[in-house]
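*Asks:* Need coordinates for the below:
(chains A, B and C)
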Amino acid sequence: MKVTVTVNGTEVAAELPDRTLLVHFLRDVAGLTAANVGCDTSSCGACTVLLDGRSVKSCTLLAAQADGRAVVTLEGLADGQGDLHPVQQAFREEHGLQCGFCTPGMVMAAVSLLTENPDPTEAEVRTALEGNLCRCTGYHNIVRAVLAAAGERRTR
Amino acid sequence: MSILGTRVVRTEDPLLLTVGGTYVDDVRVPELTGAARVTFVRSPVAHARITGIDVAAALEAPGVVAVLTVADIDDLPPPPPPPEGEPPPGSEAAPLPMGGHWAEPLLAVDRVRFVGEPVAMVLTDDTYQGEDVAELVSVDYEPLRAVIDLDDAIRGDTLLFPAAGTNVAVTAGAPADGSGFDGCDVVVARTIVNQRLAPVSMEGRAAAASWADGKLTVWVSTQNAQLGRFILAGVLGLDPAAIRVVAPDVGGGFGAKIGLDRDALLVAWAARHTGRAVRWAETRSENLVGMTHGRAQRQHITIGGTRDGRILAYRNEVIQDTGAYPRMSGFLPFLTGLMASGPYDIGHVETANRVVVTNTTPISAYRGAGRPEATAAVERAVDLFAAEIGMDPAEVRRINLVPPDKFPYSSGGGAVYDTGEYVKALDQVLAAASYADLRAEQARRRERGDTLQLGLGLASYVEITAADAAGGETARLVVHDDGTATVYTGSSAHGQGHHTAWAMLVQGELGIPMDKITVLHGDTDLIPLGTGTYASRSLQLGGTAVHLAAVDVKEQARAVAADLLEASEPDLELDTERGVWQVRGDPASSRTWAEVAAHAGTDGLAADVNFTEGQPTFPFGTHLAVVEVDTETGKVQLVRHVTVDDAGTVLNPLLAEGQRHGGIAQGAAQALLEEMVYDADGNPVTGTLVDYAIITAAELPSFELLSSETPAKSNPLGAKGIGEAGTIGATPAVQNAVVDAVSHLGIRHIDMPTTPARVWAAITEATATSATEEGQ
Amino acid sequence: MIPAPFTYRRAWSVEEAVELVAGDGEDAKFLAGGHSLLPLMKLRLAVPQLLVDIGRLAELSYIRDEGDQIAVGAATTHGELAASSVLAEQLPLLAHVAGQIGDPQVRHCGTIGGSLAHADPAADLPAVVLALDATLVARGPAGPREIAAADFFRGLLDTALEPGELLTEIRIAKPGAPGWAFQKFTKRAIDWAIVGVAVQGDQVALVNMDQTPVRAVAVEAALADGASAQQAAAHAAEGTSPAEDLTASRAYREHLARVLVRRALVDAHGRT
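*Replies:* The predicted structure is shown next:
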């Protein structure tokens, strides 16, 4: 079937097998490889993107379910003027990533969290990230990064 | 002020945070355009004879490019024959596959020995067709009895390798005779388990390959491209010059991506065999059975000493489950034995081990590789000993830790520890955690009979890093005629931040700013010689190589600058703040690196170093874990984790802390949650991330890391390795804390993972026992 | 990782959805959030030939205060339930439980109808609707019908829905007794409940103590007889048949049920 998704503000359309997962649409059709496939049971969150502004696991959605809707991936987060999104900036400053494989999903999950809860406590951050697995960082600096980004948003 | 020792954010991050890393499955290069997708057909049974493979239906499927079985592997040199005579002494402890009777094939030949073993490969035009076609390959299995239990394996009623005549692949050390414990007032013995784990790097295994114009190019998620090339050359019968191996961004390795395994070798072979570029990225379900597992030791520990706390004797006898193929010979339990006595001054130490094959996924290195097992065992032993004599575990440690005046210290396990301040590390942690206050709180809760009890767990550890220091590490540094520099490193970071660290070293030595320094790794065309990243070796060996290359370049530059400035070399100085050469005290005379390098010639200045003079080093520390245990349900919550992890001089505290955090999380995860479980028929029960319980942010607190730097003496950076230390210290600290939380009920030990069910079972048994005793 | 091939159709009305599925029967599935179905399909444990996407049906996504009862559209997401001020005020048990399902990404997609129709005994919402004595409204080729929650869950992953029937609405009478509580016991926060307990007033339902959610009938009877939380909770495992699996033995589940019921009853009492 034909699927048209607005990805990072640009319309991407393709004729696809019905069973195409959104994550593969993004990686192979839209050519945006930041979202990663880390598991096959919707457990790891490495594929997390925003669908109509809310975090979703793109491996657990058909591309068809996103037809006519808007997706934002890591690649679409910076403002295009060279400025990083506060969450991206905070992850860098706080060393919230090591191998980087979980990072695109982790950042998008954090962006979604701060949209819904702009001033989370540490406990709320940890709970909100329970669907995003990281094997490298022990989450310590990821949590610091999200709290720092929240603080940065608060002071803007 | 020098940049060395300061918190520098990573140069790797801008790309990773904006467009994401380029992992094998993200690589988009012309050579891989139109590559076929490889999907493996894997054994669904643990132990069976293969009596037939029918690929007819698969060959008819849409999108099929090829269906390959062992019958198609007709273009490889035969494997080397088993060596004649006795193997050289110590060879069984080398981290190499045992070969010979125990040889592991590429595709299964006539037998499968673990669920997940590759049996066939299908190549399809499209990724999505892969699983469809793989399902059509029909393999006939004649099941054999699966050997899962260690005692069953040792008994040998069913042999995995009949020609070997046994399932015991390696035996080392002497049987116990008990005499070493004769002088002890108190002897405690116990059999404990260091359970099988899955590394679960977030990126699974992946490889892509292209064969063109007589050259094989392989992109692979590996910790060592150069080792990969060496292995490929041998297996495929190719000249190494005809092979290029590229490690792109790698999404974690933890020891399980050292070199190349059989699946990746098959991908490379398929490219040459079919002439078509191929790519492969395993699913997580495949990863959980196809990537090597870690740990899997059963340990019989015996500890003896005096009633006033002095440990006199210790024995750790290990049965190492090595899975279906002994890929690491006796190396892992050898390391366990080497580090058996930990940071304690124990007069009599005995170690022994047997390596046993079972119908499970092969075992290999996993963060710590044999040393977490050693520490977990001795730390449990110390706590068991402390409980037996009724002394606080912190006190027992203090009494027995090797004092600072005994270094270098020859341990009973056979390692010589270089430098250490073990008691200081212990005291630092106890002070920071307010240990006495925690004990008081624990006492209050016990007296009140609170549901939520507090547990305190300690682990003091020492570990060996750069155990293979003699293998060295390489660096090439080029300062170009435009003032930029390029570092070619033999190390192979997969999250450790080497690009940042090596650039810091160059800036520190030469004053070239980091943003003008490019660091390259992982491409055998650019860096033919290198060892790679594992064993926590890269900073002390690879970083030193970079440092020495910078020193070499500096001395070459001095001569060139002298010529340029028409001054004598002793009159020159390098101002590393400004990154310029000048006549001493005369800033106006300064020349930039660009000018000096250009003056040397269009190739600039270059130095090559292969640093092989390093020595194994011994980082150490103490971890304190604080847990709350809900005694009604058995649920454990880790509420605090305080550590000293002393790995010598710290180059970048941000990076060092990150390594410690990650290690602590993996260590705590082993203590609390993770276990790879097989049923009696060898079917993995924890086959997905729903059941294999990776720890999440919600289960962990923020960690409290303390600073301690006791420099190494064997390299100019004063560095030891930090990569595995956190894991080594955290696991026993958390396990000890859980046991401590319920020790007032008479519980002395709970095996890992201390799941709620296990803790509850221990509480139930202890309460029943005491009820029975009270009733008497 | 990749589902077996299937045909995808998008429905623009409930009628159309029912019609599309009517032809294929067993081989067709409705797709709402897909967060129960797609994971099974990716492991090829479910291989429907036809998926009918009802995720865009605004007519199935609502939370309405209808005076004596609350009506929830079946395609309302867990996230919407959790954020609903109507539910926070009128049915806090439902809002609270929805807010604990999975992780935020799951809650943005998964729907109450999907969860109920899937009927995993380890899922939370089935026990909640059972505790609340909800009425489930379904629409099939034969037209609409109402099914009491007590009659809805038949067995493991098995409900009273006929092939081709679509859940459209969940109706819950506003509870008389305000006390509510939910206890969910897991190893990790993200895990399915090893055992869970949903309480509304004196109605107690158990998660994962049988092949379906079950009311803790013996507990309710004890409470009716004037038993304390402690006393009533002692009956928690009576009449249940919990599984023995990797995570927990039968005895452990029974023990947990008693502990959690007691804690839930105390919590609920604290909210009266």
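*Asks:* tell me how far the ends of stretch C:52-66 are from each other?
*Replies:* End-to-end distance for stretch C:52-66: 30 Å, by C-alpha to C-alpha, to the nearest Å.
*Asks:* List of residues touching it?
*Replies:* A:62, A:64-65, C:8-14, C:17, C:20-21, C:28-34, C:70-77, C:80-81, C:84, C:86-87, C:90, C:113, C:166, C:168-169 (C-beta atoms under 8 Å, 6 or more residues apart in numbering or on different chains). Placement of C-beta: from N, CA and C, glycine included.
*Asks:* Buried among the residues you listed? Make that a PyMOL selection.
*Replies:* Here is the PyMOL command that selects the buried residues among those (16 or more other C-beta atoms under 10 Å in any protein chain shown):
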select buried, (chain A and resi 62+64+65) or (chain C and resi 8+9+10+11+14+17+20+21+28+29+30+31+32+33+34+70+72+73+74+75+76+77+80+81+84+87+90+113+166+168+169)
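*Asks:* Quick check: which helices or strands does the helix of greatest length in chain A pack against?
*Replies:* Counting by DSSP state H, the longest helix found in chain A is helix A:140-155. Applying 3 or more C-beta pairs under 8 Å, 6 or more residues apart in numbering or on different chains; DSSP states H and E, one finds that helix A:140-155 contacts helix A:86-93, helix A:103-116, helix A:122-128, helix B:653-672.
*Asks:* how big is the angle separating the last one from helix A:86-93?
*Replies:* On the basis of axes from the mean of the first three to the mean of the last three C-alpha atoms, to 10 degrees, helix B:653-672 is oriented at 100 degrees to helix A:86-93.
*Asks:* Against which helices or strands is helix B:653-672 packed?
*Replies:* Helices and strands touching helix B:653-672, by 3+ C-beta pairs under 8 Å, 6+ apart, are helix A:140-155, strand B:620-630, strand B:636-646, strand B:704-706, helix B:725-741.
*Asks:* pull the CA atoms of the longest one into PDB?
*Replies:* Pointing back at helix B:725-741 there. Coordinates of the C-alpha atoms in helix B:725-741 are reproduced here as PDB (Å, rounded to 0.1, in the frame of the first residue of the first chain):
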ATOM      1  CA  ALA B 725      36.200  -2.500  37.800                       C
ATOM      2  CA  GLY B 726      32.700  -1.200  38.500                       C
ATOM      3  CA  THR B 727      31.100  -4.500  37.500                       C
ATOM      4  CA  ILE B 728      33.600  -6.400  39.600                       C
ATOM      5  CA  GLY B 729      33.000  -4.400  42.700                       C
ATOM      6  CA  ALA B 730      29.200  -3.900  42.400                       C
ATOM      7  CA  THR B 731      28.000  -7.500  42.100                       C
ATOM      8  CA  PRO B 732      29.200  -8.800  45.400                       C
ATOM      9  CA  ALA B 733      28.500  -5.600  47.200                       C
ATOM     10  CA  VAL B 734      24.800  -5.900  46.200                       C
ATOM     11  CA  GLN B 735      24.600  -9.600  46.800                       C
ATOM     12  CA  ASN B 736      26.200  -9.200  50.300                       C
ATOM     13  CA  ALA B 737      23.800  -6.400  51.100                       C
ATOM     14  CA  VAL B 738      20.800  -8.500  50.300                       C
ATOM     15  CA  VAL B 739      22.000 -11.300  52.500                       C
ATOM     16  CA  ASP B 740      22.900  -8.800  55.200                       C
ATOM     17  CA  ALA B 741      19.300  -7.400  55.100                       C
END
